[in-house]
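> Sequence below, structure please.
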Amino acid sequence: MAATDSAVDVDMGSPARTQKSPHAIVPRDVSNGGMVLTYGVNLLEPTVLDSYARRRMITSREYEAGILLAKVFRRAIHLPSVTASYGEAKGGGGGLDTGVDARKQLWSLLLATGLAMPLQTEVPFQVERQEGYAREPVLGPVGLTPLGSLVLSVCGYDDRAGGTRRIKRLRQGLNRLADNWNLPNPNTDSERHRIGKYIAPGPRPTDNPAARDLSWSNQQNEKRKSWAERRREKAERRAAKNPQAYATTQTN
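Numbering: from 1, shown residues only. Okay, here's the model as predicted:
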């Protein structure tokens, strides 16, 4: 039994891999007899957009826009690797014709949403990320704005936006994409209410149960009223005993 237990291995990978994403431990290698030899980890949130959607930092409409942009970006920038090709070469800008068409779609999409500016000449396409610049080996006639770099950094390179202000800017760019695609916007008010509560939360509730009880607050108000009444009655008694001194005090 000890030998069997020693043969079982769990590969969790890097600690940062499962730090912020839900994961499940699943069997990887199984012997012929059905014995599990090694276990592995499956991430339940493969992208940053999935994490933001689960934590309600972005709406379902913004999430759908980010996923669509990620698909266009992968087809345009991350071209599929080909080990051997026996057919006729296609495409006028390098790569497959589908990749060239996807780049045109990406350039026009970025220009239509204001995430990029047109350039006079084509330059290597680059995205500003938190750790620097990511330069791609393809030429593009557009230059990204800071908002466009943030959106492509999250949707294309799966980087975290970082910070509440940058997340608000990310949502602004995703809304531009959603408007360009005419994506439906269901339950706008309820989702905005949830997003607002998460991004700008109020003060945390105290550990004292009495502080959250309205009856405790009403008791405090009654105590303040009775205290003010006692002060007023005391002042009236002093005025009755010495009316001249009370009148002098009121005049001063």
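
> For the stretch 151-252 of the chain, which segments count as strands?
Counting by DSSP state E, counting those that start in this stretch, the stretch 151-252 of the chain has no strands at all.

> Any regions of it where pLDDT drops low?
Low-confidence segments of the stretch 151-252 of the chain, defined by pLDDT under 70, span residues 186-218, 220-221, 244-252.

> give me that answer again for 80
Low-confidence segments of the stretch 151-252 of the chain, defined by pLDDT under 80, span residues 185-228, 238, 242-252.

> now the helices: where do they sit in it?
Listed in chain order, the helices found in the stretch 151-252 of the chain under DSSP state H, counting those that start in this stretch are 164-181, 188-199, 214-241, 243-251.

> right, and residue 146 touches residue 128 too?
Yes - with the criterion set as CB atoms under 8 Å, residue 146 and residue 128 qualify as a contacting pair; they are 7.1 Å apart. Where C-beta positions appear, they are placed from N, C-alpha and C, glycine not excepted.

> Compare the two (neighbour count), which wins?
Neighbour tally, residue 146 and residue 128, criterion other CB atoms under 10 Å: the higher count belongs to residue 128, 15 against 10.

> and residue 225, what does it touch?
The contact partners of residue 225, by CB atoms under 8 Å, 6 or more residues apart in numbering, come to none.

> ok, it to residue 148 distance?
In this structure, residue 225 and residue 148 are separated by 60 Å, where distance is defined by CB to CB, to the nearest Å.

> same question, residue 128
The span separating residue 128 from residue 148 equals 9 Å under the rule CB to CB.
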